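Undergrad: My questions concern the predicted model and sequence given below.
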Amino acid sequence: MTDLQRLIQRVLDELVATGTETGLQVAVQHQGERIVDAVAGVADTATGRPVTRNTPFFSFSTGKGAASLIAHLLVSNRLIRYETRVADVWPEFAVHGKDTATLRHVLTHSVGVPAIPAGLGPDDLADWSAVCEAIAAAEPRWPPGTQTGYHSYTYGFLVGEIARRVTGQPMRQLLHDWVAKPLGLVGEVYFAVPMTELARLARLEDAEPPPTEPQPTDPAKQNSILAAWEQRPQAAMGNAPEFLRADIPSVGTFTARGIAAIYAALLDGILINSDQLAELSATAFEGTDQIFGNPARLALGYPLGRIGAPPHEPPTTFGWPGGGGSYAYANPTTATAFALTKNRLTPDFATAQHLSDIVSAQLRPPR
């Protein structure tokens, strides 16, 4: 057992003991070796079922990291290029000026279709064809490539439909065949959880009562491009069997060990070569996020920079947080992959920042 494993385990136990968290997992791989695989708490408060290292957690947008990886594997397999126009493989997408949109624009959230089109809600996300037809027919909020704005749920459908058009396979199958199987992660990473596996999952819970009104009270959020359900995750959505079983690759279900292993495989050259790693992890777009108004620095498929990192820390970390507080990333500078999964949906990333700060302090690069 490593010193870092002991330290992280102690912190997880304290978070559960104080009631800050209910159940959680942390996994860290460093220079190809798993050095942390810690768990604490319960997966389901109703039954008292404990969290184990094999407990999958539905983790909302942290799943975008796996979707981005599929896009990069399409490129590494020479099925598409980053500069390929979406309409070249998905002709219906070309309307309303979207004919110039490329895979690069998809990966930098700059296509201009950030919101699920009007008339569709969370219950419709299981209908792949209906959602993709609506996105293809949508008018962009800005000319592709000129602005960036968080594509909350549309991101996974954009990547997924491109992948389906060039491979003939849905994202759930590509994740299984191209990632889970070769990395030995079958049963640990999912788009679309099989019915037989649902009982293994951690059960999510809201840290605070969900809003009773469909519209947020904050005036800035009232005018948001995204619907309320696209902005704020709720446990009821992430626990619904129909939602969990659907192929919605903007979100995902996995163990911390599983998603950390995926990022580690990127760093270790197992899935892509070093040249592609350098390209996908470099700054690809900087600007103001048109959804939330924050400064955004994006690599190809990932935000750059660690959550809560001090100003002097180079923004080499790439990865995805997820609504409710999950987080997974890779840091090429330190050859580190980190993942946190948890079942209490908090409105901030305090736990993720605290744990990643500990890991970063222990594994900082030599001067």
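TA: Perfect, thanks for sending it. Numbering: from 1, shown residues only.
Undergrad: Double-check that residue 249 belongs to a helix.
TA: No - Residue 249 is assigned coil when assessed by DSSP: H, G, I helix; E, B strand; the rest coil, not a helix.
Undergrad: close enough to count as contact, it and residue 157?
TA: Yes - counting by C-beta atoms under 8 Å, residue 249 touches residue 157, with 7.5 Å between them. Placement of C-beta: from N, CA and C, glycine included.
Undergrad: contacting residues for the residue minimising distance to the centre of the chain?
TA: For the chain, the residue sitting closest to the mean C-alpha position, by C-alpha atoms, centre = their mean, is residue 62 at 2.4 Å. Each residue near residue 62 by C-beta atoms under 8 Å, 6 or more residues apart in numbering is listed here: 252, 259, 320, 321, 322, 326, 327, 328, 339, 341.
Undergrad: separation between the first one and residue 172?
TA: Meaning residue 252. 10 Å (C-beta to C-beta, to the nearest Å).
Undergrad: Touching both of the two, which residues are there?
TA: By C-beta under 8 Å, 6+ apart, the residues touching both residue 252 and residue 172 are 190, 191.
Undergrad: The two: who's more crowded?
TA: residue 252 (32 against 19; other C-beta atoms under 10 Å).
Undergrad: who's in contact with the more buried one?
TA: 58, 59, 62, 63, 64, 66, 67, 189, 190, 191, 259.
Undergrad: Pop out the phi and psi values for the nearest residue to the second one once chain neighbours are set aside.
TA: So the one you mean is residue 59. Distance criterion C-beta to C-beta, 6 or more residues apart in numbering; nearest residue to residue 59, sequence neighbours excluded, is residue 326 at 3.9 Å. Phi and psi for residue 326, reported as degrees, to the nearest 10, are phi -70, psi 170.
Undergrad: and residue 326, how many neighbours?
TA: Neighbour count of residue 326, defined by other C-beta under 10 Å: 31.
Undergrad: can you tell me which residues contact it?
TA: Here residue 326 is in contact with 57, 59, 60, 62, 340, 341, 342, 352 (C-beta under 8 Å, 6+ apart).
Undergrad: one more time with 10 Å, if that's ok
TA: Contact partners of residue 326, counting by C-beta atoms under 10 Å, 6 or more residues apart in numbering, are 24-25, 57-63, 233, 252, 254, 256, 259, 320, 339-343, 345, 349, 351-352.
Undergrad: just to revisit the earlier point, sort out which of the contacts of residue 252 are in helices and list them.
TA: Of the positions in those, 64, 66, 67, 259 sit in helices, assigned by DSSP state H.
Undergrad: Mind picking the two most distant members of those residues?
TA: Greatest spatial distance in the ones in helices among the contacts of residue 252: 67 and 259, 12.0 Å, computed using C-beta to C-beta.
Undergrad: Compare these two (neighbour count), which wins?
TA: residue 259 (34 against 28).
Undergrad: Who are the contact partners of the more buried one?
TA: Residue 259 touches 25, 27, 57, 59, 62-63, 65-66, 185, 188-189, 252-253, 319-320, 326-329, 337-341, counting by C-beta under 10 Å, 6+ apart.
Undergrad: now the strands for the stretch 251-367 of the chain?
TA: Here the stretch 251-367 of the chain has its strands, by DSSP state E, counting those that start in this stretch, at 253-254, 285-288, 295-298, 318-322, 326-331, 336-342, 344-345.
Undergrad: what about those, which gets the closest to residue 167?
TA: Here strand 253-254 is closest among the strands of the stretch 251-367 of the chain (C-beta to C-beta), at 21.5 Å.
Undergrad: who does the closest one touch, helix- and strand-wise?
TA: Applying 3 or more C-beta pairs under 10 Å, 6 or more residues apart in numbering; DSSP states H and E, we find strand 253-254 packed against strand 57-58, strand 189-190, helix 256-267, strand 336-342.
Undergrad: Can you give the strand pairings for it, parallel or anti for each?
TA: strand 57-58 (antiparallel), strand 189-190 (antiparallel) (DSSP bridges).
Undergrad: Next, format the ones you listed as TSV and append distance to residue 198 and mean neighbour count.
TA: Output for those, formatted as TSV (distance: least, C-beta to C-beta, whole Å; neighbours: other C-beta atoms under 10 Å):
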stretch	distance to residue 198	mean neighbour count
strand 57-58	10	30
strand 189-190	10	24
